[in-house]
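S.K.: Structural data only, the sequence is not supplied:
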Ligand code: SAH
């Protein structure tokens, strides 16, 4: 598990690319500049690690495009100490970004293979989410709610109700909604039954599937 000057140089170029695409949150940019994304992919694919593209990982899933990770994280407005729930742990890259920003991270993955790989891998890099869960993200994590932020990293055909109800007052839910193409959507909870809804650009994610596998 090497992280060399070459990797660091490539990462700085990636930070420039996402900055030029409009990402402004300095904490998000710092996290991308720091996290060795090449280690989240199979070793043969080093050339792909620092281009702004999604890439296949185990279990037919993908590591999200860095710009997409940055975009979602910026919408979440993560502050140090925030309690954040991620749906779709996948490679753990987004999880690492949230940890790097000082969030207390809970993350759910429905693919057992990925859950196992990522649970072992993140601590090796020094990232310690509060809890990684093998389960179905449609249900959220009721026993640990409410969350200051909830981030869904797979394309959701609709907004799962439990995620809305597990959001703290003032909390933010960032979720790509749609079937083939998704609209990035932000919900801000202003009161028990009062949600503000904002829609952003179009993205393409692997689907949010029901039940664990
Ligand atoms: N955050 C990841 C993105 C992985 S792609 C990263 O940075 O690499 C989306 C992930 O969501 C996949 O790993 C997929 O298995 C998972 N997923 C899909 N439906 C899910 C569900 N209902 N609950 C939890 N995870 C789910």
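M.R.: Everything's here; your move. These numbers come from a predicted model, not from an experiment. Numbering: from 1, shown residues only.

S.K.: all contacts plus neighbour counts: C-alpha atoms, from now on.
M.R.: Will do.

S.K.: all strands of this structure, in order?
M.R.: For the chain, the strands defined by DSSP state E occupy 55-56, 62-63, 83-87, 104-109, 131-134, 147-152, 167-177, 182-191, 194-203.

S.K.: Tabulate those (CSV), appending distance to the ligand and mean neighbour count.
M.R.: Formatted as CSV, those follow (distance: least, CA to the nearest ligand atom, whole Å; neighbours: other CA atoms under 10 Å):
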stretch, distance to the ligand, mean neighbour count
strand 55-56, 9, 14
strand 62-63, 3, 21
strand 83-87, 5, 27
strand 104-109, 4, 24
strand 131-134, 8, 19
strand 147-152, 8, 26
strand 167-177, 11, 24
strand 182-191, 13, 19
strand 194-203, 13, 12
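
S.K.: Switch those over to JSON lines; also include distance to residue 45.
M.R.: Below are these laid out as JSON lines (distance: least, CA to CA, whole Å):
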{"stretch": "strand 55-56", "distance to residue 45": "9"}
{"stretch": "strand 62-63", "distance to residue 45": "12"}
{"stretch": "strand 83-87", "distance to residue 45": "25"}
{"stretch": "strand 104-109", "distance to residue 45": "23"}
{"stretch": "strand 131-134", "distance to residue 45": "26"}
{"stretch": "strand 147-152", "distance to residue 45": "26"}
{"stretch": "strand 167-177", "distance to residue 45": "27"}
{"stretch": "strand 182-191", "distance to residue 45": "27"}
{"stretch": "strand 194-203", "distance to residue 45": "24"}
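
S.K.: now these as JSON lines including mean pLDDT?
M.R.: Converted to JSON lines, the strands of the chain look like this (pLDDT from 0 to 100):
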{"stretch": "strand 55-56", "mean pLDDT": "91"}
{"stretch": "strand 62-63", "mean pLDDT": "90"}
{"stretch": "strand 83-87", "mean pLDDT": "98"}
{"stretch": "strand 104-109", "mean pLDDT": "98"}
{"stretch": "strand 131-134", "mean pLDDT": "98"}
{"stretch": "strand 147-152", "mean pLDDT": "98"}
{"stretch": "strand 167-177", "mean pLDDT": "98"}
{"stretch": "strand 182-191", "mean pLDDT": "98"}
{"stretch": "strand 194-203", "mean pLDDT": "97"}
